[in-house]
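> Got a sequence here, can you model it:
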Amino acid sequence: MTLTAEGRKILPAAHNVLSEMARLNVMLDRPLRGQVSVGIPDHYDDMVFETVLAEFSRTYPEVDVSVTSGCSSGFASAVESGKLDIAVVTGPGLDAERVLETEATYWVEGDQFELDADAPVPLAVLDRGCWWSKLPCKALEACARTYNVKFRSTSFSNLRCAIRAGLAIGVLPARAVQSGMRIADDSRDLPELPAMKRSLVISPMAPNDIVQEIALKLREGLRQTIVPGNTD
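Down below sits the predicted model:
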């Protein structure tokens, strides 16, 4: 017996199904137990807390999950020191152990925002002292565009509020753009921004079966969220 042309097309999918069934059988035979600490960027909060990690906790009630949410610039060192088992780390050209996704970055403004082309660009920026905080200012300085910082905050949540209120323009990763905002169009004549690479960093001391399952759930959750300009 030989496969037809149609059979050859679906063969990879069939292998994936069988592999997933085998993984589920192992999971049922040996339920996950233990502790794990996870680090996620704070603009992932809504999607990760409400879907990925909540689903993981329901599926594996005997795994004690602790989460650190915030600026990811310190996550790699936290994983290295053993304070975190697995973390999503961000950077414009980051090379880490496991690439998760490449996330587009945009100039974002409120739906009713208006900007005088001759006036300095009013900015809302993150005040964290990391590369992300400096990104909008450096981008404008590189093209000799004047600006005024109108709002500073250490949280993405407050930054989004300022943008939505029309106080200023800000730089947001694609997943942080919400209703009440719009991506600034070409008429604003703003400089192009680099895409952000999101990578998974896993401690060699972490419980392997647990972190591998969390990594799988993260990938599945991100894949199910359609974000313009992103590539997996």
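> Tell me which residue is most central in the chain.
Nearest to the geometric centre of the chain sits Tyr44, at 5.4 Å (Cα atoms, centre = their mean).
> Following the chain onward from the worst-scoring helix or strand of the chain on mean pLDDT, which element is next?
Using mean pLDDT, DSSP states H and E, the weakest-scoring helix or strand in the chain turns out to be helix 5-29, at a mean of 67. In the C-terminal direction, the helix or strand that comes right after helix 5-29 (DSSP states H and E) is strand 34-41.
> Distance from the chain centre to that next one, please.
The chain centroid and the centroid of strand 34-41 are separated by 15 Å under Cα atoms, centre = their mean, to the nearest Å.
> Please name every helix or strand in contact with it.
Counting contacts by 3 or more Cβ pairs under 8 Å, 6 or more residues apart in numbering; DSSP states H and E, strand 34-41 is packed against strand 63-70, helix 75-81, strand 86-91, helix 208-223. (Each C-beta comes from the backbone N, C-alpha and C, glycine too.)
> Return the residues in contact with Asn148.
120-123 (Cβ atoms under 8 Å, 6 or more residues apart in numbering).
> Which strand or helix spans it?
Going by DSSP H and E, Asn148 is part of strand 147-153.
> That strand pairs with which strands, parallel or anti?
strand 121-126 (parallel) (DSSP bridges).
> contact partners of the strand it pairs with?
With Cβ under 8 Å, 6+ apart, strand 121-126 has contacts from 115, 132-133, 136-137, 140, 145-156, 159, 162-163, 167-171, 190.
> Averaged pLDDT, it. What do you get?
What strand 121-126 shows for mean pLDDT is 95.
> Heading C-terminal from it, find the next helix or strand.
Strand 121-126 is succeeded, C-terminally, by helix 131-142 (DSSP H and E).
> For that following helix, buried residues please.
132-133, 135-136, 139-140 (16 or more other Cβ atoms under 10 Å).
> now swap in stretch 101-112 and tell me
Buried residues in stretch 101-112, defined by neighbour count with 16+ other Cβ under 10 Å: 101, 103-110.
> And for it, what's in contact with it?
115, 135-136, 163-167, 169-175, 177, 180-184, 188, 190, 193-198, 222, 227-232.
> and that stretch, how far from the chain's centre?
13 Å.
> export it as PDB, just CAs?
Taking Å, rounded to 0.1, in the frame of the first residue of the first chain, the C-alpha atoms of stretch 101-112 are listed here in PDB:
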ATOM      1  CA  GLU A 101       7.200  35.400  18.500                       C
ATOM      2  CA  THR A 102       8.200  38.600  16.800                       C
ATOM      3  CA  GLU A 103       5.900  41.400  17.900                       C
ATOM      4  CA  ALA A 104       5.400  44.500  15.900                       C
ATOM      5  CA  THR A 105       5.800  47.900  17.600                       C
ATOM      6  CA  TYR A 106       3.700  51.000  16.800                       C
ATOM      7  CA  TRP A 107       3.200  54.700  17.400                       C
ATOM      8  CA  VAL A 108      -0.200  54.700  19.000                       C
ATOM      9  CA  GLU A 109      -2.700  57.600  19.700                       C
ATOM     10  CA  GLY A 110      -6.200  58.000  21.100                       C
ATOM     11  CA  ASP A 111      -9.100  57.800  18.600                       C
ATOM     12  CA  GLN A 112      -9.800  61.500  18.900                       C
END
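> Number the residues from 39 up from this point.
Shifting the count to begin at 39 puts that one at stretch 139-150.
> and that stretch, average pLDDT?
Stretch 139-150 comes out with an average pLDDT of 92.
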